[in-house]
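Engineer: Pasting a predicted model and its sequence here:
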Amino acid sequence: MTSTLTYLPDKGFTINDRFLSWGLDRTIVREMLGGNFKDSDHTTDLSNYHNGNHEFDIIQRRDIYKNYNDCNNFFFLKYNSEHSLMELEISDGFIIEIHDTKIRFNITIAEAVLSLRTLSDKYTELSEGEYLFADLKLVVASSEAMGGGGDTVSYFYCSSDITHLLGS
């Protein structure tokens, strides 16, 4: 069984009729979704490479959901250091709706890009099979781009802020 997730650029997303807005507190997100998740918090200390400065440390705060709501799916919710919802990564199991456009994990990356181009012509190929739609604040990628095989969609990413993807 496949669930539908509705993505609302600059606002957040809806899953199982629950709207999760960007910036929502992690505790509230967990209460709203219920279900089983695994937290995966990690800090990579880079201070040894920056004269003891921890400003460059990589802080990862995420909850991992697998087979959420008894459906075959896999996704991550990522939070900033203040535990506010910032990003969503999906690897499987959802039909993703954005306005009137639907992205499925069984279509080719070319079909996904063509569909998304009806919403925005501002896109960049980050690497072969990986596309950033900057004004929609989302990335889609093929299985091959993610290290597997094949040209079907296997990754969907959306965020409240994509400046880290835009380069300098």
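Structural biologist: Now that the structure is in, tell me what you want to look at.
Engineer: and the gap between the residue lying farthest from the centre of the chain and Gly147?
Structural biologist: Taking CA atoms, centre = their mean as the measure, the residue most remote from the mean C-alpha position of the chain is Asn51, 33.1 Å away. Distance of Asn51 to Gly147, computed by CB to CB, to the nearest Å: 35 Å. (C-beta placed from N, C-alpha, C; glycine too.)
Engineer: Could you confirm the residue farthest from the centre of the chain falls within a strand?
Structural biologist: No - read with DSSP: H, G, I helix; E, B strand; the rest coil, Asn51 is coil and lies in no strand.
Engineer: Got phi/psi on it?
Structural biologist: Dihedral pair for Asn51: phi 50, psi 40, per degrees, to the nearest 10.
Engineer: Gly34 now?
Structural biologist: The phi/psi pair for Gly34 (degrees, to the nearest 10) reads phi 60, psi -150.
Engineer: That one - how many residues pack around it?
Structural biologist: Gly34: 11 surrounding residues under other CB atoms under 10 Å.
Engineer: Look at it and report its pLDDT.
Structural biologist: Looking at Gly34, its pLDDT reads 88.
Engineer: Could you tell me what pLDDT the model assigned to Leu165?
Structural biologist: Per-residue confidence (pLDDT) for Leu165: 86.
Engineer: which residues touch it?
Structural biologist: Shown in contact with Leu165 (CB atoms under 8 Å, 6 or more residues apart in numbering): Leu126, Leu132, Ala134, Val139.
Engineer: do you know how far the last one is from Met86?
Structural biologist: As defined by CB to CB, Val139 lies at a distance of 14 Å from Met86.
Engineer: Neighbour count: the two, which is higher?
Structural biologist: Of the pair Val139 and Met86, Val139 is the one with more neighbours under other CB under 10 Å, namely 22 against 18.
Engineer: Quickly note the distance from Val153 to Leu114.
Structural biologist: 12 Å.
Engineer: again, but for Thr14
Structural biologist: From Thr14 to Leu114 the distance is 24 Å (CB to CB).
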